[in-house]
Structures are given as structure tokens and as C-alpha cells.
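Chemist: Sequence unavailable; structure follows:
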């Protein structure tokens, strides 16, 4: 289905969306460092305090990997996108908005594991799961939309590729839902195990999933 | 009216203005997350505190939508701009300057609704209305300027399109003025209703308004 | 003087330097908003506290104009630069480094005028003058360097244009030196008058100074 | 060794990786200014407090030079890279992740030298050495990888150039290891001397090391 000729002027190149998205990802990834707990100087205690801040370092590493891999996914997806229109711009903005929230639950989680009770840790992992799940949900509409508007996709791309990618955000929504339940009713570490697993899943599928050939 | 030949060298491509503006928008939109109230850990109270921070989340969502839609407007406008000169650069800088203030009243508003009195909420919505109104005012001169200097516009653009866009920032200035009055003399929630309405208005008109055909 | 053929591969396009510089300017200009004093909520006092924060708003406006105009200068200069080599990259980095310090003295100055004594205000304007003077000094070497290595300049540029620009950073160094002395031994407001004057001077000369035709 | 034809679609241009990396570097370099200790206003004491904050200024200068020179190295390396694939993207992300940590140990080091004991200073230089060493380690795999996948390199590049660059990150890992030991068991200033030396080394070799011609 080609676009109707009077809609042509509403399409634009992907360059500016990519530049804006790259800016957002670059800032998120560098803002994470501001969430690392900087010990207040109690004279003579710095070495101990730095060691005790290990949950900050782990959560920085997790969040950095997570955002880095979201960037890799975005990069691989937009390589196949040829033109953008307004709805695609809006879906992309929504995804970026959820992604840019990630430093917040990351910092809360690090705080909870450094100085909170088990209940605080439960609350923190549920918050993280909620935001990560919403982030997956925000990317849900992009694949059906691209599948229905194939003139937005690069001509070299296989026709069914977009429909096949829908499983990736669906998997995200489900896994983060399970993680929230497991972290709240089971143990927070169960949730963190699922968070690490999902980072691996998104890394593994970042170049896209091949459509099944019937 | 073509530019005089000795002024030609003072025109430049839009690429660097777009890159700079994209950078500014990307940073504003990600700085918003720093305005989300991060609860200090009182052991065992994290879940409650996270729930009580709901005004932070709402104001993040509002501000994110707002800045995202300003970006969509900017994107659609600059698609029609062909060349930039010094006055256009200055108008754009002014608009970016007002836009980059938005995280400040957003944070103040969230604080006021979380822990302030009704008077504080009045003051906070007036501050927000003032800055949002100044932001609309900062974009006022761009449409008359482009209308008078048509060699800056892409040749494919309809001749009267820029004159027709002036209503958009005028609408902004008026609405935010009304919101300030309604928030101060009436109730803060009236102002917030208008803020949400204006985000919708800017979203709806982001691709431009068609000039009336007589 | 053309470059020796074996040095050719060490020249590169200006695109990446421009993108990096745009990123730095965009971030500086948006970080300024973080320096605006956000009042802590004392219930019922927000309106008064917001009004009392006026030095923050003025210094935001001054710093925003200042950085915006440095960007305009940078934009106009790099439009005339054709290729970059390592020394030019280093001079540019040095200038960016001094520019990115500007949020620091801006915040200190706003604090001093909001809640400091006259001596604090003296110290704050001297700090500002020092950093602004160093920023002018950091751009000093770029014009002689470009004048000596004309193969880095766009062929359309007039041959003597770079030598004629040297007066701009020299004027900056001198004026900020005078401002530091006037602010310390005279009155801080004298220094601030000179700061405003220099923003105007850089705005007025942002497109370059025409070389005198003898 | 050319890439197998079915892998061709997985290669992409370097433009988006460069834009993302430039964004990250630009943000790191400007976030450093947030680490400068901003004195709280004790009326009448600002001048003294500003002077006492000298470790902040020195560590800002060191960190700025360091990140600026990493950018110069990155710039010179990517000028020779023609295409990127997934592993190269991942190596680059890892390097950026370690680089974006630099504001953290820089701030800790400035705090330790302003108000900590000798033991705190030891801990701070070890932290800095650890992160700088990990940053060098993160860039280790890039040269062997490019050497084995020469179709990613620009055709104008000499064939052995990548293998010859491996010495640069190796030198980093070793020197920062020595600095950690010297700072902990010897004196923190020994470590700082090595940090300054390494900044010089990376500046000196930023354009690459010529392979030995046998």
C-alpha cells in the first residue's frame, strides 16, 4: 500500500528522529552516573564507604547495559525504516519517554538495597518492573504500525519482518509483570534475576527475529 | 523577495541549527527525570513514599508530553525551512531558552502539590503559566519573519502557510494568561486543566494549520 | 600555503567537531536551568520565595544569552572552516572546556546576590570575570592559527578575515580584566554592567568583523 | 577477508555510532562542571571558600583534559573505520560506559583532597585508577577485532595499523595498575603524577602509533 500522493509531504527523512533519539539515549546513559551514591566524607572512612556502595555499582552496570541494549535495538530497527510520519514519531517519543525514566527506579533500587529493609527492596523492584514493563508496552505499537504502513520501511527489508518482531515487546511486558509479582510475593532477588535475563534477551534479539518460513 | 546577492554568504544550511535544537530538546526531556522526587529511605516506608510521590509522576508525564510536542512542532516547522540567517537563529535560540526553563516550574508544581498549601499551589501554577506563556511569546516572531523572508522557506511550501501559523503562539499566550488568572483567583486545578488542553492543542496543530482558502 | 601531501590524511571534515560542539553547547545551555534556585517548600510561603529568587532568574537570563551568543559566534566561524586538524581540534576543545564552566560562576553569582554580603558579591563577580576572561583567552589562538593555515579555511572566505577577528577575544580578555578590578575595588554592579556590555559586543560581532580595506 | 554476502545487511554506516558517541562525550564533559564544589553561602566568607575549593578546580581540569583527549582518540580512530557491525557497536558501548563513569571518581577525589584524611586520599586515587584502568581495558578488544575484520576499516588505512595500536590500551591498564599500587602503598601524589602522565601519553598518541616497518 503506497501512501496517497497528498500525504507524501508529511513524510520526512529519519535523520532528525535518529539524531534526537541518539541525544536522548546518550543523556540517559550518562545521567545514570549521577545516580551513583557519592559518599559524604567522614574523615578516614572513605574506603569503607566506597565498598559499601556496591549496590550502586551493580545497578549502574545493569542500567547501563539495559539502556545500551535498547539503543542497539533502536539502531537496528531504524536502519530498516526509510521514512517517518507523525504516528511513528509519536510512538518513538513515547518509547523514549519511558526509557528516560530508567535512571529513577535504578537509583531507588540501589538506595533500597544499600539501606532499606526487605519490604523496601520489594517496593523498589516492583517500581523497576513497572517502569521497564511500561517501556516494553510503549514499543508494542511500532511493529504492527510498520507492518501496516510498509512504505515507511526500507525496500530491502523482507515483507514479514515487522510482524515477527512483535514478540519482543510482548515478551518484555509479560516478563516484567512476572518479575513484579515474584519480587513482591516471592523474593526481590527473583525479580532481579528476571531483570538480568531480560537484558540478555534484548541483547540476543537486538538484530531482530527472523520470521518463520512456512 | 530574493535576498540581496551580498547577503547570500550570511545564509546557512539548517543542519546545524537542527542538531543544536535536537540536542537542547533531548536534554530538556531527559533532565525532567531529575525533577522526580526521589524518596529518602526511611527503612520500611519506601512503598508508601513512592505512592505519595504521585504529583511528581503526573507532572513528569505532563512536562514530557509538552516538550515532546514542542519538538514535533519544531520538527514540522523546520522541515519547511530551507536556509537560516542570523535573526532566525536568534528567534530559535530565544524559543529554546524558554523551553529549557520548563523543568523548573514543573518541579516547583510537583513540590507544591505534594507538600504545599493551596496558596503554594496557586503560586506554582502561576509560575508554570508565566513560563509557558513566555515560551509561546518567544515563538511569536518566527511566523511573521518567515512570511516576510520567503527565500528562507522551502520552495515546495505554499506561500501563505507561515502567516496562517501565527494563531498558534497567539493562542498559547492567551490561554496561559487565562490559566494564570484562573489559577490565582479561581482554583489551581482550573489552570492545570488549561495546561492539559494546551498540550492537546499543540499536538493537534503540530503539523501546521492550513491557510483558509478564500 | 597548501598542506604537505603526507599530512593530508590527518585533516578531517568539520561535521564531527560541529556535532560534538553543538552537543556541548546544548548541554551547557540546558544545565543552566539546574542552577536556578528551587525554593524548599515552607508551607504557604512559595509565592514570596519565588519572588525573592529574582537573582537566579536574572543570572539565568544573562548566562543563557551569553552561551547562546557564543554558539552563534562558533556557528559563524565554523561556517568558514573547511577542514580541521589536531591543533584546531585542541583549541576548540579548550574553548569548549572554558565555556562549559559558565554554569558554575553563574550559580555562585546568583547565590551571592540572593543571600551574601557585599564582599561575597565582589568575590562572585571576580570569579565570573576570571572564568569569562579565561574563556576569551581560550579562543585567542584560533584566529592566528587559521590565518597561518589557510588551507583549513573555506576557499570562498576573504584572505584577511581571520587576522581581523583577533580583536574580538582580545577585547574579551581586556574587558573581563577591567570588570574584575572594577568589581573588587569599585562596586560589583560595575562589573555586571561590563558583563552585559560584553554579551552585547559578542552579539554584535558574531558574524565577524570586516577587515579594514587600506 | 571480505564479509560473507549474507552478512552485508548487518553492517551499517558509522554516522549514527559517531553521533551517539559524540553525545555521550559531550555530556560527560559538561557534567564534570556539576562535580565542582559550589560553596554554601556563609555570609562574608565566599572569597575564602572559593579559594579553598582548589582541589575541585584541579580535578575538573584533569578530568576535562582526560575526557577531551579520549574524544580526540575516538575521533581519530573512527576516521579510519568504514563500517560498524554488532560486536564493534558493543565494544564501543562498553568503552563509552566506562568513560561516562569518570565524573564519579573525579568528584570523590576532589572531596577527598578538600576535606579527607591521607587514608581517604589513598582510597580516592585507587578508585580513580581502578575506573581509568577499566576504561583502558574496555578499549583493549577494539584493535584486535578491527585487525581481524579489515572490511570494517577504510580502504586507505595501512593494513597493520590496528595491530600496532594495541599497545595504547595495554599501556593504560598497566600504568593505572601501577598508579593504584603506588597511591595505596606509597603516596597518593605518586598516583596523581601517573594520572597526569597518562593524559599526556594519550594526547601524544591520539593520532595513532605508526606500525614499525621491519
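Modeler: In hand now; what should we look at? What you are looking at is a predicted structure, and each value in this text was computed from that prediction instead of being measured.

Chemist: which helices and strands does the lengthiest helix in chain A pack with?
Modeler: Criterion DSSP state H: the longest helix present in chain A is helix A:54-79. Counting by 3 or more C-beta pairs under 8 Å, 6 or more residues apart in numbering or on different chains; DSSP states H and E, the packing neighbours recorded for helix A:54-79 are helix A:15-31, helix A:103-115, helix A:188-204, helix D:86-99. Where C-beta positions appear, they are placed from N, C-alpha and C, glycine not excepted.

Chemist: which one of those lies closest to chain B?
Modeler: The closest of those to chain B is helix A:15-31. By C-beta to the nearest C-beta, the value is 3.0 Å.

Chemist: Quick one: distance of the closest one to the chain centre.
Modeler: For helix A:15-31, the separation from the chain centroid amounts to 13 Å (computed by C-alpha atoms, centre = their mean, to the nearest Å).

Chemist: For it, what does the pLDDT average out to?
Modeler: For helix A:15-31, mean pLDDT rounds to 86.

Chemist: Can you tell me which residues in chain A are near chain B?
Modeler: Chain A comes close to chain B at residues A:9-10, A:12, A:16, A:19-20, A:23-24, A:26-28, A:31, A:34, A:86, A:89-90, A:93, A:96-97, A:100-101, A:103-104, A:107-108, A:111-112, A:115-117, A:119-120, A:122-124, A:126-127, as judged by C-beta under 8 Å from any C-beta of the partner chain.

Chemist: Filter these down to the buried ones, ChimeraX style.
Modeler: Selection of the buried residues among the residues of chain A next to chain B in ChimeraX, burial being defined by 16 or more other C-beta atoms under 10 Å in any protein chain shown:
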select /A:12,16,19,20,23,24,26,27,28,31,86,89,90,93,96,97,100,101,103,104,107,108,111,112,116,119,120,122,123,124,126,127
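
Chemist: Leaving aside the residues adjacent along the chain, what's closest to whichever residue of chain A sits closest to chain D?
Modeler: Using C-beta to the nearest C-beta, the point where chain A gets nearest to chain D is residue A:26, with a distance of 3.0 Å. In space, and not counting its chain neighbours, residue A:26 is closest to residue D:23: 3.0 Å by C-beta to C-beta, 6 or more residues apart in numbering or on different chains.

Chemist: if I look at the one you found, how far off is residue A:31?
Modeler: Noted for residue D:23: a distance of 12 Å to residue A:31, by C-beta to C-beta, to the nearest Å.

Chemist: Residue A:155 now?
Modeler: Here the criterion is C-beta to C-beta. By it, residue A:155 lies 38 Å from residue A:31.

Chemist: Disregarding residues adjacent in the polypeptide, which is nearest to residue A:83?
Modeler: Closest to residue A:83 by C-beta to C-beta, 6+ apart is residue A:11, at 4.3 Å.

Chemist: Which residues of chain A lie near chain C?
Modeler: A:23, A:26.

Chemist: where does chain A come near chain D, residue by residue?
Modeler: A:18-19, A:22-23, A:25-27, A:29-34, A:36, A:38-39, A:41, A:43-47, A:50, A:60, A:64, A:68, A:71-72, A:75, A:79, A:156, A:206-207.

Chemist: Which among the residues you listed count as buried?
Modeler: For these, buried by 16+ other C-beta under 10 Å: A:18-19, A:22-23, A:25-27, A:29-33, A:36, A:38-39, A:41, A:45-47, A:50, A:60, A:64, A:68, A:71-72, A:75, A:79, A:206-207.

Chemist: Please give the number of neighbouring residues around residue A:174.
Modeler: Number of residues near residue A:174 (other C-beta atoms under 10 Å in any protein chain shown) recorded here: 12.

Chemist: Which pLDDT value belongs to it?
Modeler: Looking at residue A:174, the pLDDT reads 96.

Chemist: Secondary structure class of it, three-state.
Modeler: helix (DSSP: H, G, I helix; E, B strand; the rest coil).

Chemist: Give me the distance between it and chain C.
Modeler: To chain C, residue A:174 is 37 Å away according to C-beta to the nearest C-beta, to the nearest Å.

Chemist: Leaving out chain neighbours, which residue sits closest to residue A:140?
Modeler: Going by C-beta to C-beta, 6+ apart, residue A:140 has residue A:169 as its nearest residue, at 4.6 Å.

Chemist: Count residues in the vicinity of that neighbour, would you?
Modeler: For residue A:169, the neighbour count with other C-beta under 10 Å is 22.

Chemist: mind checking which helix or strand it is in?
Modeler: Element membership of residue A:169 [criterion: DSSP states H and E] is helix A:167-185.

Chemist: ok now that helix, how far from the chain's centre?
Modeler: 13 Å.

Chemist: now swap in stretch A:195-203 and tell me
Modeler: With C-alpha atoms, centre = their mean, you get 10 Å for stretch A:195-203.

Chemist: for the record, mean pLDDT for it?
Modeler: Per-residue scores along stretch A:195-203 average to 93.

Chemist: related to what we said a few turns ago, which ones are touching the residue nearest to residue A:83?
Modeler: Residue A:11 makes contact with A:3, A:83, A:84, A:85, A:152 under the criterion C-beta atoms under 8 Å, 6 or more residues apart in numbering or on different chains.

Chemist: Would you mind checking these for buried ones?
Modeler: Of these, these count as buried by 16+ other C-beta under 10 Å: A:83, A:84, A:85, A:152.

Chemist: quick one: which of those is nearest to residue C:163?
Modeler: Checking the buried ones among the contacts of residue A:11 against residue C:163 with C-beta to C-beta, the nearest one is residue A:84 at 45.8 Å.

Chemist: pretty sure the closest one contacts residue A:10?
Modeler: No: judged on C-beta atoms under 8 Å, residue A:84 makes no contact with residue A:10 at a distance of 9.8 Å.

Chemist: With adjacent residues omitted, what lies nearest to residue A:71?
Modeler: Of all residues not flanking residue A:71 in the chain, residue A:25 sits nearest, at 4.6 Å (C-beta to C-beta, 6+ apart).
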